[in-house]
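**Q** Have a look; sequence and predicted model below, questions after that.
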Amino acid sequence: MSEINKLMVGLDIGTTKVCVIVGQKNENGKINVLGIGKAPSLGGVMRGEVTNITKTVDAIKIAVQQAANLSNVEINTVHVGIAGEHIRSFQHSGVKIRENSETEIMAHELEALEKEQHRLSIEPGSQILHVLPQEYRIDGRHGIKDPIGMTGTKLECNYHIITGRVTAAKTIAKCVENAGLQVADVVVEPIASACAVLSEEEMQSGIAILDIGGGTSDLAIFHDGKIRHTAVIPFGGEIITADIAEAFQIMEKQAELLKVKFGYALPEATKSNEIVVVPGIGNRRPKEISTRNLANVIHARIKEIVEMVNDEIMVSGYKNKLNLGIVLTGGGAQLKYIDQLVEYVTGFEVKLGFPDQHLGKGLVDEVKSPMFATGIGLVIKGFEGDREAGNNVKGGVKKEQKDKAKNGGILSIFGNFTGGFKNWLDDDQNLNDFK
């Protein structure tokens, strides 16, 4: 099947929302957005991890149905994101001694060396999610980006390896399965977001992406075209909402509305005499809240999160190589003046990341927001993985095409399950505690 006829579906299971994007690649390689679905997570996800399967399944079903109705697509397979405090990363060097040093290095040798890294001994209860080549060495020669066609005896590669907790991934799989869907693959969310908002030139020059979600803030650093460092900060927009609710003794849904409508990351950007009136609960008197005081609460927590991000950038060793600074994305990036605060704390140039450079036609205006970066990125990663694997994995099928297939057309509705994610489902570990 031609790539431009395939459909990919991204499923972003976030702390505050579940988002579904249906995309189709056009003849120019851009993504036409055919359908969008969004539903509150209903308290089923905390800090990026599913804590209640039933609530999460309900949210997935709502979002999927919305996207299916808009796109006229029957959704059956999804490319799902994974996030949470359990995401870890480390560097590792793989080595292969070649039998014939005179023969040219072939692509299958690099693939075999990469597959070996998936068998590394890691922390019990964890599973390798991504094995990302950094640079190759041949007989001690450093800095080789692509060794194919070269010769030598000792082939080495430095890898950036990302792991996640097995139970967290299995719980996601259980939710997807209970919603009547299949998992095509799983992608760490900051990688997906980067695919949506960063260009190859930016990744080459040196840049960091900070995805501020509801439960976590995810950092990924790119340099020389490669991902160099990843980290998860265990705080996001939800804890800011909780801070507001506690500071002013109001309900969390009121605090969320205050944050979204009147919240500022910089107190000095507010009017000192501006007051917002919040209705009282149970016939109690309404509360008057100064937008300056509101901004002070928000500023304190955001500054703490950004300082933790800055520490991670220091630890990465790439602080002096981020030539293009930091890109902010995720729902939290919509907070007013947050870019200026991040710039002030880190010293880097900061801009907001919008997932528009990869978009073609369709519901483009609806997804031109940092909050949809992960969903769009998952669709892009779906097409990338499909092309690399050379299979027919896809997210869904146009309903009129399915009817045609039933009447004798040749159409594979379900593709091959090629991702390593399937291995996570083989062990029938009891997940009832999450229900």
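**A** Structure's in. What do you need? Numbering: from 1, shown residues only.

**Q** need the contact list for the spatially most central residue of the chain.
**A** Against the mean C-alpha coordinate of the chain, by Cα atoms, centre = their mean, the closest residue is residue 189 at 1.8 Å. Neighbouring residues of residue 189 by Cβ atoms under 8 Å, 6 or more residues apart in numbering: 12, 48, 81, 82, 83, 211, 213, 218, 374, 377. Yep, even glycine has a C-beta here, placed from its N, CA and C like the rest.

**Q** run the last query once more with 7 Å
**A** For residue 189, the contacting residues are 81, 82, 83, 211, 218, 374, by Cβ atoms under 7 Å, 6 or more residues apart in numbering.

**Q** As TSV, the residues you listed with pLDDT and distance to residue 301 would be great.
**A** Output for these, formatted as TSV (pLDDT from 0 to 100; distance: Cβ to Cβ, whole Å):
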residue	pLDDT	distance to residue 301
81	94	24
82	93	25
83	91	19
211	95	17
218	94	17
374	94	22
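
**Q** Most neighbours among the residues you listed, which one is it?
**A** Most neighbours among the contacts of residue 189, by other Cβ atoms under 10 Å: residue 374, with 34 neighbours.

**Q** I figured it hits residue 192, correct?
**A** Yes. Between residue 374 and residue 192 there is a contact under Cβ atoms under 7 Å: 5.1 Å.

**Q** For residue 203, pull up the helix or strand it's in.
**A** helix 200-205 (DSSP states H and E).

**Q** For the helix or strand following that helix, what is the distance to the chain centroid?
**A** Using DSSP H and E, the helix or strand that follows helix 200-205 in sequence is strand 207-212. How far strand 207-212 lies from its chain's middle: 11 Å, per Cα atoms, centre = their mean, to the nearest Å.

**Q** Report the strands that pair with strand 207-212, each with its relative direction.
**A** In the sheet, strand 207-212 lines up against strand 217-223 (antiparallel), strand 326-329 (parallel) (DSSP bridges).

**Q** Now do the helices in this protein.
**A** With helices called from DSSP state H, the chain shows them at 53-71, 107-117, 166-178, 189-197, 200-205, 237-248, 252-262, 291-316, 338-346, 364-367, 373-389, 399-406.

**Q** Can you point out the buried residues in stretch 362-371?
**A** Using 16 or more other Cβ atoms under 10 Å as the test for burial, stretch 362-371 gives 362, 363, 367, 369, 370, 371.

**Q** thinking again about what came up before, save the helices of the chain as CSV, and put in distance to residue 358 too.
**A** Output for the helices of the chain, formatted as CSV (distance: least, Cβ to Cβ, whole Å):
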stretch, distance to residue 358
helix 53-71, 18
helix 107-117, 26
helix 166-178, 24
helix 189-197, 6
helix 200-205, 11
helix 237-248, 25
helix 252-262, 27
helix 291-316, 25
helix 338-346, 22
helix 364-367, 10
helix 373-389, 6
helix 399-406, 24
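
**Q** Comparing these, which comes out most buried?
**A** helix 189-197 (a mean of 29; mean count of other Cβ atoms under 10 Å).

**Q** for the record, mean pLDDT for that one?
**A** Averaged over helix 189-197, pLDDT sits at 94.

**Q** Surely residue 36 is in contact with residue 17?
**A** No. Counting by Cβ under 7 Å, residue 36 does not reach residue 17; the two are 11.7 Å apart.

**Q** Keep only those of the buried residues of stretch 362-371 that are in strands.
**A** Among those, DSSP state E puts residue 362 in strands.

**Q** Now do the contacts for residue 161.
**A** 89, 90, 92, 117, 128, 131.

**Q** Where does the prediction get shaky in the chain?
**A** Applying pLDDT under 70 to the chain flags residues 1-5, 386-435.

**Q** Sweet, I'm off.
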